[in-house]
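*Asks:* here are the coordinates; sequence isn't available:
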């Protein structure tokens with residue numbers, strides 16, 4: 001496998017040098033083929049996602065297949081415009097001249113995808129890499145083996161196998177991949193593994209995009225209208241347990257609310273959970289399971305502390321054989337317990353009460369920067385306060401998760417929640433280098449740029465830098481002053 005990885009990367013680099021992937025025709029053909037892949041293999045994708053994660057077909061389409069189709073169609077319609085050189089205004093000081101910015105592919109790209117959305121988190125970055133004209137290796141997560149196998153067996157049937165390859169395997173394969181020289185590494189996963197990826201990338205000064213996670217908070221302000229309160233809680237339930245049973249980097253990790261509203265909130269949460277998942281969620285067949293026993297035991301361990309267990313106000317039942325944990329609500333668990341210091345990434349929702357909702361800002365700021373903040377409020381002053389006084393990858397007011405599906409907004413983290421951004425044009429930019437190009441002529445020359453130096457030349461240059469428009473004056477008077485001459 002070690003030799004195979006090295007040979008694969010070498011083959012990709014040689015193919016990239018042919019320039020075939022830079023053409024708009026190649027890029028559009030690959031995007032069209034990718035759309036064919038998901039359209040013609042929808043049932044196979046549903047089956048693989050159910051096998052790995054127990055995802056219902058509707059959830060699988062909403063979060064994976066549909067998201068890929070939307071992204072590919074958007075890139076297909078826009079890629080030619082994205083590729084076009086962009087004119088740049090050149091200050092008068094440098095005239096006569098013209099400038100432009102050319103987007104060129106980075107080269108050989110490595111994409112590490114994650115197990116929680118194993119199809120979408122492999123193909124969505126791939127769409128950006130293809131649109132930018134790169135050659136790509138995809139390393140699917142071994143923790144979603146059915147989806148990994150699907151990608152490895154199906155992608156070569158649709159996409160250019162000289163330019164896009166899938167390499168399966170576990171930790172050893174990842175190590176071998178990281179020993180190679182890449183022009184870009186795109187990683188989705190945990191901060192712990194991201195530090196390993198970044199360390200390896202640093203040896204070759206390889207740029208990285210790291211899509212990580214963090215404890216994403218939701219803030220529920222007072223909403224006097226019962227209909228607003230009900231809709232907000234409905235969206236909170238959807239943002240916590242809807243995507244992969246809470247195993248989502250942008251899922252709600254904990255909920256902040258004023259203490260006086262906590263009882264009403266809990267009762268409505270219970271009611272909506274029953275409506276979504278029935279009296280026995282395990283039998284509903286509409287909620288995903290925990291990915292494997294390791295993660296199942298990790299989540300169970302979060303509840304082992306007696307003080308944490310005593311804070312459970314709903315749910316708490318587990319089924320190890322089926323890797324199922326009931327949607328569980330906890331009220332004010334100890335803030336120093338692992339459930340409040342580690343990313344949950346599962347179906348447990350702590351509710352933290354505060355005296356005044358403005359105190360939620362201080363609470364969030366005392367912790368690492370999250371990937372997303374969700375705030376349900378109609379208070380415009382409070383909105384501005386959240387935006388100005390907190391830092392996060394994104395902020396969503398009065399909804400959850402929807403920012404991930406919006407191609408016109410960048411998606412990415414800050415601090416421990418990630419580095420870089422993607423989606424839509426931002427994906428194209430992530431996998432491109434913007435090359436600056438200036439065109440000058442050989443007609444006019446500014447003599448003070450050259451030795452021998454004098455005080456007059458110093459004052460001339462000082463004035464020229466301070467006043468960009470001074471270049472116009474140079475053109476008007478340069479010949480008379482002898483400072484500009486024809487070459």
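*Replies:* Looks like it arrived, so ask away. All values reported here derive from a predicted model rather than from experimental measurement.
*Asks:* Tally up the residues packed near the nearest residue to residue 248 once chain neighbours are set aside, please.
*Replies:* Excluding the flanking residues, the one nearest residue 248 by C-beta to C-beta, 6 or more residues apart in numbering is residue 116, at 6.0 Å. (Glycine included, C-beta is placed from N, CA and C.) Using other C-beta atoms under 10 Å, residue 116 is surrounded by 29 other residues.
*Asks:* show me what contacts residue 116?
*Replies:* Residues in contact with residue 116 (C-beta atoms under 8 Å, 6 or more residues apart in numbering) are 53, 244, 247-249, 291, 345.
*Asks:* and it, how far is that from residue 147?
*Replies:* Between residue 116 and residue 147 the computed distance is 11 Å (C-beta to C-beta, to the nearest Å).
*Asks:* What of residue 233?
*Replies:* Distance from residue 233 to residue 147, by C-beta to C-beta: 32 Å.
*Asks:* before we move on, what about residue 349?
*Replies:* For residue 349, the distance to residue 147 - C-beta to C-beta - is 27 Å.
*Asks:* and what of residue 180?
*Replies:* 24 Å.
*Asks:* sorry, back to before: mind checking which of residue 233 and residue 147 has more residues around it?
*Replies:* Neighbour comparison, residue 233 and residue 147: the larger count goes to residue 147, with 26 against 23 (by other C-beta under 10 Å).
*Asks:* just checking, the more buried one touches residue 118?
*Replies:* Yes. Applying C-beta atoms under 8 Å, one finds residue 147 in contact with residue 118, separated by 3.7 Å.
*Asks:* For the two, list the residues in contact with both.
*Replies:* Both residue 147 and residue 118 are contacted by 48-49, 52, 140-141, under the criterion C-beta under 8 Å, 6+ apart.
*Asks:* Which one of the residues you listed sits in the busiest neighbourhood?
*Replies:* Among these, the one with the most neighbours (other C-beta under 10 Å) is residue 49, at 29 neighbours.
*Asks:* Only the buried residues of whichever strand or helix holds it, if you could.
*Replies:* Following DSSP states H and E, one finds residue 49 within helix 42-53. Judged by neighbour count (16 or more other C-beta atoms under 10 Å), helix 42-53 contains these buried residues: 45-50, 52-53.
*Asks:* what residues does it touch?
*Replies:* With C-beta under 8 Å, 6+ apart as the criterion, helix 42-53 contacts 38, 55-57, 60-61, 64-65, 115-116, 118-119, 143-147, 149-150, 154, 244, 247, 288-289, 291.
*Asks:* can we see that at 6 Å?
*Replies:* For helix 42-53, contacts defined as C-beta atoms under 6 Å, 6 or more residues apart in numbering pick out 55, 57, 60, 65, 119, 144, 146-147, 150, 288.
*Asks:* Quick one: name whatever helix or strand follows that helix.
*Replies:* Past helix 42-53, the next helix or strand by DSSP H and E is helix 57-60.
*Asks:* returning to what we had before: can the buried residues of helix 42-53 go into CSV with extra columns for distance to residue 432 and pLDDT?
*Replies:* Putting these into CSV (distance: C-beta to C-beta, whole Å; pLDDT from 0 to 100) gives the following:
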residue, distance to residue 432, pLDDT
45, 29, 98
46, 33, 98
47, 35, 98
48, 31, 98
49, 31, 98
50, 36, 97
52, 32, 97
53, 33, 97
